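From the sequence below, what's the structure:
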Amino acid sequence: MQLGLLLEPFSTKESIRMLDVEEKKKMKTEFIASIPIIEWVSLDLGKMNNNFVIHNVNSDKVASFFNAKELSTENSVYLFLQDDLPPFSTLPWVKMPLSKVIENIIHIAAEDAYQQYVFCPSPKFVIEFVEPDLITIAW
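Okay, the predicted model is just below:
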């Protein structure tokens, strides 16, 4: 069921891979060490050095943002549901190129979409999807 929620916004599933237990544990440990977390299931992006909000999300706007910041859209990223923030650890994470997220960003940030995050370990940044048609990118 939870994997279906993660994959639902994507028109094709090519280049999307579910993490095995060990890789998820490694990425989750790196995420927790890199991104400030407030209590249960919320990030404290205000504590990060760079914090950008993009309204009226669309693929072109987000691609332009990453290009302007000289961040490669071919970097691998990890998508996971908000409910898998510590202390929870039972939900799947999926790995894909950032370009796949950007290509489907309107659907990920849709009104009825589930709250989720995208984590990139190198360079380290997070994309927060917690409000419809709005994302926050921080590093």
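
my guess is residue 71 meets residue 122, correct?
No: using CB atoms under 8 Å, residue 71 makes no contact with residue 122, being 10.6 Å away. Heads up, the C-betas are built off the backbone N, CA and C, glycines and all.

More neighbours: the two, which one.
It is residue 71, of residue 71 and residue 122, that has more neighbours when counted by other CB atoms under 10 Å, with 15 against 9.

and the residue nearest to the spatial centre of the chain, bridged to which residues?
Ranked by distance to the mean C-alpha position of the chain (CA atoms, centre = their mean), the top residue is residue 118 at 1.1 Å. For residue 118, the beta-bridge partners under DSSP bridges are residue 79, residue 127.

quick one: the helices in the protein?
With DSSP state H, the ranges of helices along the chain come out as 2-7, 21-34, 59-68, 98-103, 105-108.

Out of those helices, which is the most enclosed?
Neighbour counts (mean count of other CB atoms under 10 Å) averaged over each of the helices of the chain peak at helix 98-103, with a mean of 21.

need the least confident one among the helices of the chain, by mean pLDDT.
Among the helices of the chain, helix 2-7 carries the lowest mean pLDDT, at a mean of 74.

Show the secondary-structure elements that that helix is packed against.
Judged by 3 or more CB pairs under 8 Å, 6 or more residues apart in numbering; DSSP states H and E, helix 2-7 is in contact with strand 76-81, strand 93-97.
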